[in-house]
Every structure is written in C-alpha cells, then in structure tokens.
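**Student:** could you work out the structure for the sequence below:
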Amino acid sequence: MRRLRAVKIVATLGPASSDYDTIYALSEAGADVFRLNMSHGDHSEIRARHEIIREVEEKRGRPIAILADLQGPKLRVGTFVGGQAELVEGQTFRLDLDEAPGDATRVQLPHKEIFEALEAGSSLLVNDGKIRLRVNEATAQHAVCTVVVGGTISNRKGVNVPDVVLPLAALSPKDRKDLDFVCELGVDWLALSFVQRPEDVIEARKLARGRAAIMSKIEKPAAVRSFDEILAVSDGIMVARGDLGVELPVQNVPPIQKRLVRKCRMCAKPVIVATQMLESMIDSPVPTRAEVSDVAAAIYEGTDAVMLSAESAAGQYPVEAVRTMDNVAREVESDPTYREVIEASRGGPKATVADGIVSAAREIAETTNIKAICCFSQSGTTALLVARERPRVPVLALTSQRDTARRLCLTWGAHCVMTDEQYRFKGAVIAAVRAALTEGFAEDNDQIVVTAGVPFNIPGTTNILRVAPCQERMIFRAEPE
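**Tutor:** Alright, predicted model coming up:
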C-alpha cells in the first residue's frame, strides 16, 4: 500500500474520470488527492464524485484527500454581432457597459468595478492573452484602448487585468454557495481562486469555519507581490501557472515558481505546482520530453505535489497520465542529485522546541540505521514540520483524526496511518512500531524514530523523541508507564 515516492499527485476529476472503476484505477496508479473543479459540474455531479472517492478510500484502506477548487469571479466580454469581430493592431477599441452586441469598434465589459480601477497605460488581455489592449482613457463607464496585438475576438472571452489590483472579492455569490456545499459534503481542502490580498483568504476562512483547510491559488501578479502575507494566512499554496503565464511575461514564471515553492517549504505549508504539466497526454498516451522535464523540475524543487488538470479530467488517457507522473517522480527521487538539491535548499536552524525535535529526528535517521520517522499528530503540525525537513527515510504520520490524515495526504512524504487515540508515550511507541511493521516500512529488529507531544492531544506540543526497536513482541506489550 505504500507509495515508492515522497511527492504527491493530485488528479482532477471530470467527464473522463467520474465512474468508480476509473477513480479506483487512478488511486491505484498513484493519485493521492482528487480535485473537484467547481467550474465544471453541478452540485449533484460533485456529490456523486465525492461519494465514489470515499467508497474507493474505504475499499483501498488508505486516506484520500479531496480538494474542491472554487471558480472565482470570471471576467468576460459580452457578445458580438455574428459571434465575433476582427481587431487590427493600432486601431482604437472601446469597452463599455452597453449591453448591445459588439463589433470591431466596441463590446460590453459588464464589470463597472474594472473601469473604476483602470488607469491610462493599464493592460487588458483577452482570450488568454491572444489579444492585448492598452488603455488610453478610462472612466467609470468605459475604457478607450489601443489594440497592441490583434486577432479574432468572440463571444464571452475571458479578460485578464494584470497590472491592477481589482476591487473584486475573491468569492463570487456562486463561490459562497459552492463553499458551503462542499464544506457540508466533507471535502478536506478548499482552493481559493482570484486571490489578490490576504483579506481574500481571511474571508474564505471565516466562511469555512474550520471545516476545510484553505489553499490559496497564486495566479495573479498582485498575489505574487503580496505572497508573504497571503502565505501567512493560508494552510497551503497552489502555484497556478496558467494565469500567471498570461498575466506575466512567460520567462518570469519559472523563477517565481521556484521562489514560492522554497518559501512554502520554509513555512512547512504544502505547495502544489499546477497547470499543463502533461498537457499533451490529453490526446496522446505518452508525454513530450519537455513536459517530463517540467514535472521533474518541480520535484527537484521540493514541491509537495504536482497536479493533473484536463489530462485526468477530460483526456483520453487519465490513468496513464497518473502512472507517468508516478514513474517520473520515482526516477527523480532515486537520483543522487535530487538529494543534493533538496538538502542544499534546506533552511537553517529554527527557533522552537518542535523545530529542534524534528530536526534532531531527521539527523538521527540519516546518520544511523533508522527505517522511518513516526510522528503522532492530532492537528497535523508535527507531520508538516517533519516533512519540511525532507528526510531521506519515510515519514509515517499517525493520527486518530480522520480529517487530519486526509489533509496530510497532500504533504510531501507523509504516509498517513489511522491509530487509536493515545494518552501515554509508551502506548504511542507501541502503535508506531505496529504501524511500521504492518505497513512494510520496517522489519523485526529494525529501528524507528518516534516523535510526539506530551501531554497528548494538545496541538503544537511536539517535545519528545525516542529511538525504538521494531520487535514483534513490543506490539503486545502495553505496561503502564
């Protein structure tokens, strides 16, 4: 049942992957987290997929995380006479609030708040940046633009505003309904789209009321500029390179990705690298070499997870795409250079007792014949701190909280095991030995490192470490301390 890799795989479900057999096959092939895209599918379809995932989880006997990805506000132009118009470089083009169908001179943009935020010189990108406009004049009712890059513009194409912080909430009315629905359903993570500022995350957290962890999608330049503040109030981060590549020069995206992944690692918060990782596998059973290199680069950076979008949701080869990602991850992590890169990017000493404990656990594991680090964690904090160390040995995250086990499925290296609630450290050691033996991480007479917080069941109290022998007789001993 154990994965032979540390990085996790997120697979998006959709028309190509909505039935039990396919979802089971995706989990078996290597998917650790399933993403439900709230932009596609009504609530009944989302509920059905959620129920199937939980059935697969029960059948496979291992926790599975579910991530609901909220749509966010969608900025789109109106309609055109004949469905489209041709824009020529250098011409003047007007965006306004008039609902009348547009033509080659104007079209509706039904977002008054955008006009109020625009200034002369601002850029507008239409249809994923294929058409580029520069604002010459802006009022509360319209914007007069020059076409910088022309082409065919058609009905309801998306609009990006890269260099302006828009006075729009990250949560649309639809998002608020979707958020409450999926939280009641029981998802583990909420991915928040259109994040521009930390206040967007704080609002979503209030609405979630602790029912799901909050993941901020970094897809706007404003989010990159405010990243430290956004990271501080988020439980995890998704580097959504698709929109970043539209709103920023494409050459800026790789260094931004590396920087954001590094900061997430330092803060012990899970990070997903997403968008177009194996896009050619939508139609092809094999990826391009460039795509394989892209996935490998994210793994070398130390990301917690890599994500499939249309490849698994609508592609012809969803299971093959997951299997390919799994194979790439295994190959990268077996490369000695991988360890060199990971260890060279490890942060320096931290300030708390918990930091010292997990750092010591990693050093002991790597300098002696230790088979695994077993950490007891009710809230998940200890497991996150151990994973931040990126140890060479497996990490067993033991918890009695099913919600915690599921959320940790997104965390690098964490093999999540459900245990009984523990009240004494000796009992925790016995449970850790049992898990290491039964899950195939150790054999009789091997040794493991056990970390926990005493007193038990109080979050954030990691303060104890023990090297324990894995002896079969130990799992039958439970003398009081």
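
**Student:** low pLDDT regions in the stretch 1-150 of the chain?
**Tutor:** For the stretch 1-150 of the chain, applying pLDDT under 70 flags the ranges 1.

**Student:** how close does residue 346 get to residue 33?
**Tutor:** 25 Å (C-beta to C-beta, to the nearest Å). C-beta here means a position set from N, CA and C on the backbone, and glycine is covered the same way.

**Student:** what do you get for residue 391?
**Tutor:** Residue 391 is 21 Å from residue 33, by C-beta to C-beta.

**Student:** still on that earlier bit, residue 346 and residue 33: who's more crowded?
**Tutor:** Remark: of residue 346 and residue 33, residue 33 carries more neighbours, 24 against 14, as counted by other C-beta atoms under 10 Å.

**Student:** what is the more buried one paired to in the beta sheet?
**Tutor:** Beta-bridge pairing for residue 33 (DSSP bridges): residue 10, residue 65.

**Student:** pLDDT wise, what is the most centrally placed residue in the chain at?
**Tutor:** Taking C-alpha atoms, centre = their mean, the centroid of the chain lies closest to residue 272, which sits 3.6 Å from it. In this model, residue 272 is scored at 98, pLDDT.

**Student:** which stretch of helix or strand covers it?
**Tutor:** Assigned by DSSP states H and E, residue 272 belongs to strand 271-274.

**Student:** keeping just the C-alphas, turn that strand into CSV.
**Tutor:** Taking Å, rounded to 0.1, in the frame of the first residue of the first chain, the C-alpha atoms of strand 271-274 are listed here in CSV:
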residue,chain,number,x,y,z
VAL,A,271,2.5,23.6,-2.1
ILE,A,272,1.2,22.3,-5.4
VAL,A,273,2.7,23.1,-8.8
ALA,A,274,-0.2,23.0,-11.3
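
**Student:** mind giving me the packing neighbours of the helix or strand just after it?
**Tutor:** In the C-terminal direction, the helix or strand that comes right after strand 271-274 (DSSP H and E) is helix 289-300. Contact partners of helix 289-300 among helices and strands, from 3 or more C-beta pairs under 8 Å, 6 or more residues apart in numbering; DSSP states H and E: helix 253-266, strand 305-308, helix 318-333, helix 336-344.

**Student:** repeat the analysis, applying 7 Å as the threshold.
**Tutor:** With contacts taken as 3 or more C-beta pairs under 7 Å, 6 or more residues apart in numbering; DSSP states H and E, helix 289-300 sits against strand 305-308, helix 318-333.

**Student:** export these as a markdown table, with columns for mean neighbour count.
**Tutor:** Below are the helices and strands packed on helix 289-300 laid out as a markdown table (neighbours: other C-beta atoms under 10 Å):
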| stretch | mean neighbour count |
| --- | --- |
| strand 305-308 | 26 |
| helix 318-333 | 22 |
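
**Student:** flag the shaky bits of the stretch 201-350 of the chain, pLDDT-wise.
**Tutor:** 348-349.
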